[in-house]
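Peer 1: Need coordinates for the following:
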Amino acid sequence: MDDALTNPGIAISRGCGLETVLPFIQGEIDVEKLKRFYPDGQCHIWGVQERDDHHSTWNVMAEGDLVLGYRGRSIVYASYVLMKADNPPLAARLWSEHTDEPFRLVCFTAEPHSGEVPIFPQMLTYLEQDCGGFKKLGSDKRDNLLRDYGSFELFVRLGLGYDFPFNLRHTE
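Peer 2: The predicted model follows:
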């Protein structure tokens with residue numbers, strides 16, 4: 001499980017038209033598969049800058065991995081990796097306002113769950129105390145999550161409360 005917690009909301013929450021993305025797709029992405037993932041033509045893309053050890057963390061991400069977005073001591077989105085690509089031209093097109101260091105490590109994700117879910121002390125069984133940055137969740141946290149919830153999907157839906165109306169979600 002990847003706890004990718006940097007710059008939440010960049011393209012993932014608002015989505016992006018597939019017609020914007022397709023001209024930038026190169027050999028590493030199967031265009032037909034991408035079209036099947038997004039039959040409505042609206043794709044969700046998440047990106048990370050290539051700095052520090054981000055590339056090695058991004059390299060181990062795989063289809064089906066859970067990606068969490070973090071801001072202000074809250075989880076603000078949760079989604080699953082469908083495909084990924086190291087694609088500087090696409091990153092430049094999507095995140096041109098970040099020209100000094102583009103978000104070239106791109107993940108195409110499923111439609112995200114979004115909303116502000118504060119991290120309260122009981123959640124530290126599953127998440128790191130310091131959720132900032134881009135990092136892979138520790139195996140002990142992952143094992144706790146799978147032991148208690150059985151799957152990442154149940155953790156997202158029930159543990160983070162994305163299946164509940166906002167006013168019924170966890171509070172501190």
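
Peer 1: which element follows the worst-scoring helix or strand of the chain on mean pLDDT toward the C-terminus?
Peer 2: Here the helix or strand of the chain ranked lowest by mean pLDDT, DSSP states H and E is strand 2-5, holding a mean of 36. Of the helices and strands lying after strand 2-5 in sequence (DSSP states H and E), the nearest is strand 16-17.

Peer 1: Would you mind pulling the contact partners of that following strand?
Peer 2: 41-45, 94 (C-beta atoms under 8 Å, 6 or more residues apart in numbering). C-beta: built from backbone N, CA, C; applies to glycine.

Peer 1: go with 6 Å
Peer 2: Outside of strand 16-17, the residues that reach it under the criterion C-beta atoms under 6 Å, 6 or more residues apart in numbering are 43, 45.

Peer 1: residue contacts, residue 85?
Peer 2: Under the criterion of C-beta under 6 Å, 6+ apart, the contact partners of residue 85 comprise 28-29, 106.

Peer 1: Give the pairing partners of the longest strand seen in the chain; include direction for each.
Peer 2: The strand that spans the most residues within the chain, counting by DSSP state E, is strand 74-86. Strand 74-86 has the following sheet partners, assigned by DSSP bridges: strand 66-71 (antiparallel), strand 105-109 (antiparallel), strand 113-118 (antiparallel).

Peer 1: Using neighbour counts, pick out the buried residues of that strand.
Peer 2: Using 16 or more other C-beta atoms under 10 Å as the test for burial, strand 74-86 gives 74-85.

Peer 1: So which of the contacts of residue 85 is surrounded by the most neighbours?
Peer 2: residue 106 (26 neighbours; other C-beta atoms under 10 Å).

Peer 1: wouldn't it be in contact with residue 87 here?
Peer 2: Yes. At 5.1 Å, residue 106 and residue 87 qualify as touching, with contact defined as C-beta atoms under 6 Å.

Peer 1: any idea where the helices of the protein begin and end?
Peer 2: Taking DSSP state H to define them, one finds helices in the chain at 18-21, 31-37, 54-60, 88-94, 139-149, 152-154.
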